[in-house]
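# I would like the atomic coordinates for the input below:
(2 chains)
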Amino acid sequence: MQNTLAAPHHLAVGRDVPGTHEAPHPAPGFWRRYIFSTDHKMIGIQYGLTALVFMLFGFFLMLLMRWQLAYPGQPIPFLGKALAALLGEEAVGRDAAGRLGVMLPDLYNSFGAMHGTIMVFLGIVPLAFGAFGNYVVPLQIGAPDMAFPRLNAASYWSYLAGGVVMLVSFFIPGGAAKSGWTSYSPLATVADQAHRFDGQTFWLLGMVLLITSSLLGAVNFITTIIQLRAKGLTWMRLPFFVWAQFVTGFLLLLAFPPLEAAGVMQLMDNLLDTSFFLPTGLMISGTKPAVSGGGSPLLWQHLFWFLAHPEVYVLILPGMGIVAEIIANNTRKPLWGYKPMVYSVLSIGFLSFIVWAHHMYLTGMGTKISSFFQITTMTISIPSVIILTALFISLWGGSIRFNTPMLFALAFLPMFGIGGLTGLPLGMSATDINLHDTYYVIAHFHYVVAPGTIFALFAGLYYWYPKVTGRFMNESWGRVHFVLSFIFMNLIFMPMFIQGLAGMSRRMYDGGASYGVDNAGEGVMGALSHLVLHMNKDISRAAWLLGVAQIPFILNFFISLKRGKRVESDNPWAATTLEWATPTPPPHGNFATTPEVFRGPYEYSQPGHAKDFTMQNQPA
Amino acid sequence: MDAAIPYTTQLRRDTGLYNAKVGIWLFLASEVMLFGALFSSYVLLRVGADSWPHGLLNVPIGTFNTAVLITSSVTVVMAWASLKMGQLKNARRYLLATVLCAAMFLGVKTVEYRDKFTHYEVRFTDGKVLTGHVKALGRTAFLSLSKLKMMKVEKFAFHPDAAHGAAVATHASSMEVETAKVEKLECFGPWHHTYFAIYFALTGLHGLHVFGGMLVFLYFFGPGAVLYRADPVRYTNRIEVAGLFWHFVDLVWIFLFPVLYLL
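Down below sits the predicted model:
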């Protein structure tokens, strides 16, 4: 109904002259509109662009590390000298022949820790929750904005400040945090004895800001979804994406505070010489540190994983939500099993709080505790599989439109499937003993997050781009981006399963060369074979090519802003949910008239209707 | 500036709540997790500790502070009730009382903190361990053995605590101690023992909450009260929401007090 009203005329109004649609407000100036905006859409865009930049940066760190893994001890070509100039020669050294540009172990450790931190806390969560959630959720529930617009802006700025603190830490004496993204104590506390304000301190301060940001975001999202649903939008009429964000909000709300508490304690260990996580009898390089002792390293791990396991579902649930929207839209069918999917996502949310210690089977916390967490871990795989199965069955019998968003959404299903199923052996304590901290683990969770969540996020970017900008991204280049990314993602992570099964540890600076057959003594069993070691080179080449494969996406993203094909209606994908009932792009306040909802979210191909989709706000 | 957001003051029919009340309850849920994690850490540290100090905190002072906080919870409710009855003047009086209670609490807490930083454990080279007060370099707080040695202090004044059950009170007597005969000298700061570490972490974080709440009530007492003329319902709601936060801060102390002072 509204999409026929609001064609190109509204486009010009919405984009170029904001404010004209609601006369009482004067048009806000540049700073108000683009920088210190409280409009959920602008904040969503800010979140999105910042997160994409951070993701590219985190990826870039890994591309440099992959050189060290493939060619240990050799100077990094082209970039090695620049890196030495930037970070100093205590971080980037010389090889035996005196050539500058070798990544030294401390820098390798820093890059490893910061790759994980940046990708999880500064890249994917802000993109999936901050960007997509901010932009799409209020539109899908028919709200004029978030419930607390100023908190929303505060959430973004706190996130940005946290990111800046993380970035600055690369340039402080001693370099950035270097104890893994998990920052296990006591290693994290004692890793840099030379500096009090070391990389770990910066990491913790950055995390406190990021936790504040997601706390404000979570309160805002949940309140918005509870309070600002349009008239008639009952819970079982919510798009699945909103459900996914709702549960994600609760995970962030309740799982992050324990990490904040742990962060405060580790900060005190760093700065005030307390011993929360430093045990009695701790020795550092043969000397006894001047601390009281009596602390518990296990305590850190419990508190950390109490956040970090729900965090895994924070990473994946928004992705599932995006994929569900796109699959329903492009199969032109209702989702198969909407209600079971909703109950599953709620079960995942609940269960994700009682599986954390499956990361800790090797700590000696006891077999009884291990058994408990093994059972809960096996249980949580059931709702995940239900969602995945429902999405697969949704494809059955549909006349599928294979556009770029759909290709990414379809690829998500098997990729997440591989990632999820390979997690089961890690969830069982017996098999985990062999696989713990090997490349198998890296392959497993990257399948979940990289070709899983990141593909879902790409799908979402291609899918909602026309609503945000009024133009499509180029379809052909989108396909090039998809095909290349799909191939190289698999070439990177599939061999890692083999490396991991061969026993290669995930944190080795030389890519396992020192444990290779060439270095093994007489009769040593289980040394890494040439084949396994050579995979390092293949994986690295695939990683660099994956980097090249993102160029079409980046160019497409920016060039389409000006040159992309214009949308011809407000609902270019012929979708059913409310975000497509707004003008394009949506003006401040979103809806031309306050929407009312009369039906469920996925009424595609309903018998007796002239069109193959019925929007939620179309009266019965 | 804001596009008209529904339910900022009026109640949504199916939830019966306005937005800020949903928001504050969610925020408090996250606060429960924050303090819950610290209390769990307390349990884990205490269970794993070789020894756990007792009687080092002043129970009467703690009890007094508990009473101060409970009083402030009452005054907050009175402020809200006064606003509901349309009495801004009374409400502001009660808000001021709340702010004063918060300031009183923080003042008492500061004195308690200072006590910890001027109270020392001294271990002598002959194995004897005494607690008491130290005076050296013209000060009594934040002294340590390395500091004394660095400043080449050869002797310092030491007032040992009265031994428990000792027939004669020895507190008054001060003694001269040679630095060379001391193996360790440390005040009861957070670095001294995990008990003090968790004590300072818990009370420090709680103190920050009290301080934050105090600033909020100071704002509503002063410049924030202007809102009452423009939108009395919204102002009243703000006091209610801030009050909920304040009750939570109070409740945390109700748990902190027995856990740290009595058990």
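
# Give me the next element, helix or strand, following the helix or strand hosting A:Phe57.
For A:Phe57, the host element (DSSP states H and E) is helix A:40-70. Using DSSP H and E, the helix or strand that follows helix A:40-70 in sequence is helix A:79-87.

# and that following helix, what does it pack onto?
Using 3 or more C-beta pairs under 8 Å, 6 or more residues apart in numbering or on different chains; DSSP states H and E, the elements in contact with helix A:79-87 are strand A:92-94, strand A:100-103. In this view, the C-beta of every residue, glycine as well, is placed from N, C-alpha and C.

# same thing but 6 Å
Applying 3 or more C-beta pairs under 6 Å, 6 or more residues apart in numbering or on different chains; DSSP states H and E, one finds that helix A:79-87 makes contact with strand A:100-103.

# The strand it packs on pairs with which strands?
Sheet pairing of strand A:100-103 (DSSP bridges) gives strand A:92-94 (antiparallel).

# for the partner strand, what is the average pLDDT?
For strand A:92-94, mean pLDDT is 93.

# Could you look up the SS state of B:His159?
Following DSSP: H, G, I helix; E, B strand; the rest coil, we place B:His159 in the strand state.

# Show me the shaky parts of the stretch 1-150 of chain B.
B:1-3 (pLDDT under 70).

# is it true that A:Leu205 touches A:Val165?
Yes. Between A:Leu205 and A:Val165 there is a contact at 5.5 Å, judged by C-beta atoms under 6 Å.

# Quick one: residues contacting the residue lying closest to A:Val480 once chain neighbours are set aside.
Spatial nearest neighbour of A:Val480, excluding adjacent residues (C-beta to C-beta, 6 or more residues apart in numbering or on different chains): A:Pro552 at 5.1 Å. Going by C-beta atoms under 6 Å, 6 or more residues apart in numbering or on different chains, A:Pro552 touches A:477, A:480-481.

# Over to A:Met406?
Applying C-beta under 6 Å, 6+ apart, the residues near A:Met406 are A:326, A:330.

# same question, A:Leu545
Counting by C-beta under 6 Å, 6+ apart, the residues that A:Leu545 touches are A:Phe488.

# If you count neighbours, what's buried in whichever helix or strand it is part of?
Counting by DSSP H and E, the element that carries A:Leu545 is helix A:530-563. Neighbour-count burial for helix A:530-563, counted by 16 or more other C-beta atoms under 10 Å in any protein chain shown, picks out A:532-533, A:535-536, A:539-540, A:542-544, A:546-547, A:549-550, A:552-553, A:556-557, A:560.

# Ranking by neighbours, what's the top pick from the contacts of A:Pro552?
A:His481 (26 neighbours; other C-beta atoms under 10 Å in any protein chain shown).

# Report the separation between that one and A:Phe132.
19 Å (C-beta to C-beta, to the nearest Å).

# now B:Glu183
61 Å.

# again with A:Gly423
From A:Gly423 across to A:Phe132, the span is 24 Å (C-beta to C-beta).

# More neighbours: which of the two?
A:Phe132 (28 against 20).

# Look up the closest residue to the more buried one, ignoring the ones flanking it.
Nearest to A:Phe132 is A:Gly460, by C-beta to C-beta, 6+ apart, at 5.5 Å.

# Model confidence score at that neighbour, please.
pLDDT recorded at A:Gly460 is 98.

# Over to B:Val216?
pLDDT at B:Val216 comes out at 97.

# For stretch A:409-419, which outside residues touch it?
With contacts defined as C-beta under 6 Å, 6+ apart, stretch A:409-419 is touched by A:323, A:326-327, A:447-448, A:451-452, A:455-456, A:459, A:486.

# by how many degrees do the helix holding A:Phe57 and helix A:79-87 diverge?
Following axes from the mean of the first three to the mean of the last three C-alpha atoms, to 10 degrees, one obtains 120 degrees for the angle between helix A:40-70 and helix A:79-87.

# Just name the closest of the contacts of A:Pro552 to A:Gln68, please.
The closest of the contacts of A:Pro552 to A:Gln68 turns out to be A:His481 (C-beta to C-beta; 27.7 Å).

# What ranges does the stretch 101-250 of chain B have for its helices?
Assigned by DSSP state H, counting those that start in this stretch, the helices in the stretch 101-250 of chain B fall at B:145-150, B:194-221, B:227-230, B:232-257.

# Take those and write them to a markdown table, including mean neighbour count.
Formatted as a markdown table, these follow (neighbours: other C-beta atoms under 10 Å in any protein chain shown):
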| stretch | mean neighbour count |
| --- | --- |
| helix B:145-150 | 14 |
| helix B:194-221 | 20 |
| helix B:227-230 | 13 |
| helix B:232-257 | 19 |
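
# just checking, A:Ala194 is part of a helix?
No. Under three-state DSSP, A:Ala194 sits outside any helix and is assigned coil.

# hmm, back to that, and the residue nearest to A:Phe132, how many neighbours?
Per other C-beta under 10 Å, the neighbour tally for A:Gly460 reads 28.

# Now do the same for the residue nearest to A:Val480: its pLDDT.
What the model reports for A:Pro552 is a pLDDT of 97.

# same deal with A:Lys231?
pLDDT for A:Lys231: 95.

# In space, what's closest to it - neighbours in sequence excluded?
Using C-beta to C-beta, 6+ apart and skipping the chain neighbours, the partner closest in space to A:Lys231 is A:Glu596 (4.6 Å).

# Thought A:Gly232 was touching the one you found, still the case?
Yes. Using C-beta under 6 Å, A:Glu596 is in contact with A:Gly232, at 5.1 Å.

# Contact residues of the stretch 251-400 of chain A facing chain B?
Within the stretch 251-400 of chain A, the positions near chain B by C-beta under 6 Å from any C-beta of the partner chain are A:253-254, A:257-258, A:260-261, A:272-276, A:292, A:294-296, A:299, A:303.

# Counting only helices, which of those residues make the cut?
A:253-254, A:257-258, A:260-261, A:299, A:303 (DSSP state H).

# Select from those the one having the most neighbours.
Greatest neighbour count in these, by other C-beta under 10 Å, goes to A:Leu303: 27 neighbours.

# Report pLDDT for the residue lying closest to that residue once chain neighbours are set aside.
Distances taken as C-beta to C-beta, 6+ apart place A:Ala262 nearest to A:Leu303, at 3.7 Å, with adjacent residues excluded. Predicted confidence (pLDDT) at A:Ala262: the value is 97.

# likewise A:Pro289?
Taking A:Pro289 on its own, its pLDDT is 87.

# how close does it sit to A:Gly281?
Using C-beta to C-beta, A:Pro289 is found at 11 Å from A:Gly281.

# ok, A:Met283 - how many residues close by?
9.

# and it, what does it touch?
By C-beta under 6 Å, 6+ apart, A:Met283 lies in contact with nothing.

# swap in the one 10 residues further on?
A:Gly293 is in contact with A:275, A:280, counting by C-beta under 6 Å, 6+ apart.

# try the one 3 residues further on
The neighbourhood of A:Ser296, defined by C-beta under 6 Å, 6+ apart, consists of B:44, B:48.

# Quick one: the helices of the stretch 101-250 of chain B as JSON lines, columns for distance to chain A too.
Below are those laid out as JSON lines (distance: least, C-beta to the nearest C-beta, whole Å):
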{"stretch": "helix B:145-150", "distance to chain A": "8"}
{"stretch": "helix B:194-221", "distance to chain A": "4"}
{"stretch": "helix B:227-230", "distance to chain A": "15"}
{"stretch": "helix B:232-257", "distance to chain A": "12"}
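
# For A:His436, which of those helices is the nearest?
In terms of C-beta to C-beta, the element of the helices of the stretch 101-250 of chain B nearest to A:His436 is helix B:194-221, at 28.7 Å.
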